[in-house]
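A.B. asks: Build me a model from this:
(2 chains)
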Number of protein chains: 2
Amino acid sequence: MNSVYEALLSRKSVRVFDNKEVQSYIKEAIFNAAFQAPTAGNQMLYSIIDVTDQALKERLAIACDNQPFISKAPLVLIFLADCRRWYDAYGEAGLNPRRPGAGDILLAIQDAVIAAQNSVIAAESFGIGSCYIGDILENKEEVVELLDLDEYVVPISMLVMGYPTEQQIDRVKPERFSKKYIVHENRYRRLNGEEHRDMLKERANREDFDFDGYIEKFCSRKYMSGFSREMTRSGELYLKNFLS
Amino acid sequence: MNSVYEALLSRKSVRVFDNKEVQSYIKEAIFNAAFQAPTAGNQMLYSIIDVTDQALKERLAIACDNQPFISKAPLVLIFLADCRRWYDAYGEAGLNPRRPGAGDILLAIQDAVIAAQNSVIAAESFGIGSCYIGDILENKEEVVELLDLDEYVVPISMLVMGYPTEQQIDRVKPERFSKKYIVHENRYRRLNGEEHRDMLKERANREDFDFDGYIEKFCSRKYMSGFSREMTRSGELYLKNFLS
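C.D. replies: As a prediction, the model looks like this:
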């Protein structure tokens, strides 16, 4: 064990924050860690929106599946996969290259998420908790308007950050699935029915675990929910700009 | 400063490895760090392929824009955004939900990349260097066949890992762009021509920096290259399975 590895293992999401500002030197460190993340060809294919306007935080909290805790976060950062910046740089040099495509946005998404995760770990190292808000992918029309997004930009990751409350510090981190269900050697392998049942039961750590009941509720609450369908509608609209 | 933050700042890509195996306890730690990464709804929407077969490494090195150093890496991990596992779990419970869509794969990509970056940082903390291979998004047909990929799975991140050579340890980490070009307050903003020129010149740190010449070469070598066009062709094919 080492302190970096320990920090990675113990980090858990924080959704309730103390009413205490994040000091500016910590905020700068969070940005620096993002910038120093690995990036394809040193291009930094992302931009970060630092949401400082309280009214905007409140609009975003509603747009992101109506979660008020978002508006109470001292720090709200949105990581944009950005294919516009380099496209414009090419234009500035007098070039007229192809429009950004699927490969470009996938690479940019990767860059943006890597940078986001570096900022999460940096924040944690300064005692700042964080939570990813996947819902930033919903309500495309409104989010594009609120943030003035460009057609070649996708808001892939949103992070809320702040000092965790005591209750959040004490919260038990949920168990993950075991390695045997996640890691495959040399080839991908679909799990069979028994493995699916074992995987969920092991995670629940209960002999009387009701697989069918649990999955039915989970599917209806998550996968078949309004927010999930909306994310797929909006996600498709974002991706459309990059397809031939 | 703290040791975690320092580790994030100093990490740089490693492409040449010592001929030395990564010990199994370190490999386990790299996996554990991935599993403990933040994940949407605790779903772990990814799978990891651990490439242990040398012949497969060599095939992948060719499929990934013909980069022989890939086949020389002691550890080759491919992070798959995986919408198949939960879809099959729903089926196992007798449900028949909608097919995975754009929102689902974007969320899964996010999960996979977050896990990948945690494994990068964990590796680094044990003295193991790493490099992302974006080219795994190319040559879809061949990669799908080599890895037995499912239609609802996208190989978003590939990592090669191993002990760095002395030369790699001494290599200077390239400069990043300044914050003012990457972070915007409350709204996205396209940079103007002057800003593009300043951004590149500042990073180069040379008074005689030739913006037009640099960008023209970069564009032709990267953005307009065969591998980049191929990535966009393949990327679109991967995404197509998630579009309505």
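A.B. asks: I'd like the distance from the helix or strand hosting residue A:217 to the chain centre, please.
C.D. replies: Take DSSP states H and E as the rule and residue A:217 turns out to sit in helix A:211-218. From the chain centre to the centre of helix A:211-218 is a distance of 25 Å (C-alpha atoms, centre = their mean, to the nearest Å).
A.B. asks: What are the buried residues along that helix?
C.D. replies: By 16 or more other C-beta atoms under 10 Å in any protein chain shown, the buried positions in helix A:211-218 come out as A:211, A:215, A:218. Any C-beta I mention is one placed from the backbone N, CA and C, and that applies to glycine too.
A.B. asks: where do the helices sit along chain A?
C.D. replies: Assigned by DSSP state H, chain A shows helices spanning A:3-10, A:24-35, A:54-63, A:84-92, A:102-125, A:140-147, A:166-170, A:179-182, A:193-204, A:211-218, A:226-240.
A.B. asks: Turn the ones you listed into CSV, including mean pLDDT and distance to chain B.
C.D. replies: Below are the helices of chain A laid out as CSV (pLDDT from 0 to 100; distance: least, C-beta to the nearest C-beta, whole Å):
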stretch, mean pLDDT, distance to chain B
helix A:3-10, 96, 4
helix A:24-35, 98, 4
helix A:54-63, 98, 6
helix A:84-92, 98, 5
helix A:102-125, 98, 3
helix A:140-147, 98, 6
helix A:166-170, 95, 14
helix A:179-182, 98, 6
helix A:193-204, 98, 5
helix A:211-218, 98, 4
helix A:226-240, 98, 3
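A.B. asks: closest to residue B:91 out of those helices?
C.D. replies: helix A:193-204 (8.5 Å; C-beta to C-beta).
A.B. asks: If we go by neighbour counts, what in that closest one is buried?
C.D. replies: A:195-201, A:203.
A.B. asks: what's the answer for stretch A:40-51, then?
C.D. replies: For stretch A:40-51, by 16+ other C-beta under 10 Å, it's A:40-41, A:43-51.
A.B. asks: filter those by proximity to chain B?
C.D. replies: A:40-41, A:43-44, A:46-51 (C-beta under 8 Å from any C-beta of the partner chain).
A.B. asks: I'd like those as TSV, with pLDDT appended.
C.D. replies: Below are these laid out as TSV (pLDDT from 0 to 100):
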residue	pLDDT
A:40	98
A:41	97
A:43	98
A:44	98
A:46	98
A:47	98
A:48	99
A:49	98
A:50	98
A:51	98
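A.B. asks: tell me which of these is nearest to residue B:56?
C.D. replies: residue A:40 (23.7 Å).
A.B. asks: In contact with that closest one, which residues are there?
C.D. replies: Taking C-beta atoms under 8 Å, 6 or more residues apart in numbering or on different chains, we find residue A:40 in contact with A:107, A:110-111, B:132, B:134.
A.B. asks: one step back: closest one to residue A:1 out of the buried residues of helix A:193-204, please.
C.D. replies: For the buried residues of helix A:193-204, the nearest to residue A:1 is residue A:203 (23.6 Å; C-beta to C-beta).
A.B. asks: isn't that closest one right up against residue A:176?
C.D. replies: Yes: if you go by C-beta atoms under 8 Å, residue A:203 and residue A:176 touch, sitting 7.2 Å apart.
A.B. asks: per-domain residue ranges of chain A.
C.D. replies: Domain assignment of chain A by automatic domain parsing yields the ranges A:3-173, A:179-209.
A.B. asks: Looking at those, spot the one closest to residue A:228.
C.D. replies: Closest among the domains of chain A, using C-beta to C-beta: domain A:3-173, at 9.0 Å.
A.B. asks: For that closest one, measure first residue to last.
C.D. replies: 18 Å (C-alpha to C-alpha, to the nearest Å).
A.B. asks: Looking at chain A, which strand is longest?
C.D. replies: When chain A is parsed with DSSP state E, its longest strand is strand A:153-162.
A.B. asks: near chain B at all, that one?
C.D. replies: Yes: using C-beta under 8 Å from any C-beta, strand A:153-162 reaches chain B at A:153-154, A:156-157.
A.B. asks: So which of those is the closest to residue A:117?
C.D. replies: Nearest member of those to residue A:117, counting by C-beta to C-beta, is residue A:157, at 8.4 Å.
A.B. asks: Could you pull up the residues touching that closest one?
C.D. replies: Counting by C-beta under 8 Å, 6+ apart, residue A:157 has contacts A:78-79, A:112-113, A:116, A:132, A:136, B:110.
A.B. asks: Spatially, and excluding backbone neighbours, which residue is closest to residue A:8.
C.D. replies: Leaving aside its sequence neighbours, residue A:8 sits nearest to residue B:33 (C-beta to C-beta, 6 or more residues apart in numbering or on different chains; 4.4 Å).
A.B. asks: so what's the one you found up against?
C.D. replies: Contact analysis of residue B:33 by C-beta under 8 Å, 6+ apart lists A:5, A:8-9, B:118-119, B:121-122.
A.B. asks: Can I get these in a markdown table including distance to residue B:27 and neighbour count?
C.D. replies: Shown next, in a markdown table, are those (distance: C-beta to C-beta, whole Å; neighbours: other C-beta atoms under 10 Å in any protein chain shown):
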| residue | distance to residue B:27 | neighbour count |
| --- | --- | --- |
| A:5 | 13 | 24 |
| A:8 | 15 | 23 |
| A:9 | 15 | 17 |
| B:118 | 14 | 26 |
| B:119 | 10 | 29 |
| B:121 | 15 | 24 |
| B:122 | 10 | 26 |
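A.B. asks: May I see these arranged in CSV, with distance to residue A:183 as well?
C.D. replies: Conversion of the contacts of residue B:33 to CSV gives the following (distance: C-beta to C-beta, whole Å):
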residue, distance to residue A:183
A:5, 18
A:8, 17
A:9, 17
B:118, 14
B:119, 11
B:121, 18
B:122, 14
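A.B. asks: quick one: which of those is nearest to residue B:142?
C.D. replies: Within the contacts of residue B:33, the smallest distance to residue B:142 is 24.9 Å, found for residue B:119 (C-beta to C-beta).
A.B. asks: Look up the closest residue to that closest one, ignoring the ones flanking it.
C.D. replies: residue B:34 (4.3 Å).
A.B. asks: Am I right that that neighbour is in contact with residue B:120?
C.D. replies: No: at 9.4 Å, residue B:34 does not count as touching residue B:120 under the criterion of C-beta under 8 Å.
A.B. asks: Report the buried residues of stretch A:219-227.
C.D. replies: Buried positions in stretch A:219-227, judged by neighbour count with 16+ other C-beta under 10 Å: A:219, A:223, A:227.
A.B. asks: List the beta-bridge partners for residue A:184.
C.D. replies: residue B:49 (DSSP bridges).
A.B. asks: Thought residue B:46 was touching it, still the case?
C.D. replies: No: applying C-beta under 8 Å, one finds residue A:184 not in contact with residue B:46, separated by 11.4 Å.
A.B. asks: send the alpha carbons of stretch A:209-219 over as CSV?
C.D. replies: Below are the C-alpha coordinates for stretch A:209-219, written out as CSV (Å, rounded to 0.1, in the frame of the first residue of the first chain):
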residue,chain,number,x,y,z
PHE,A,209,-31.0,-11.8,-2.0
ASP,A,210,-33.9,-11.6,-4.4
PHE,A,211,-32.3,-11.2,-7.9
ASP,A,212,-35.4,-10.9,-9.9
GLY,A,213,-37.1,-8.4,-7.5
TYR,A,214,-33.9,-6.3,-7.2
ILE,A,215,-33.3,-6.2,-11.0
GLU,A,216,-36.9,-5.4,-11.8
LYS,A,217,-36.9,-2.4,-9.4
PHE,A,218,-33.5,-1.2,-10.5
CYS,A,219,-34.4,-1.5,-14.2
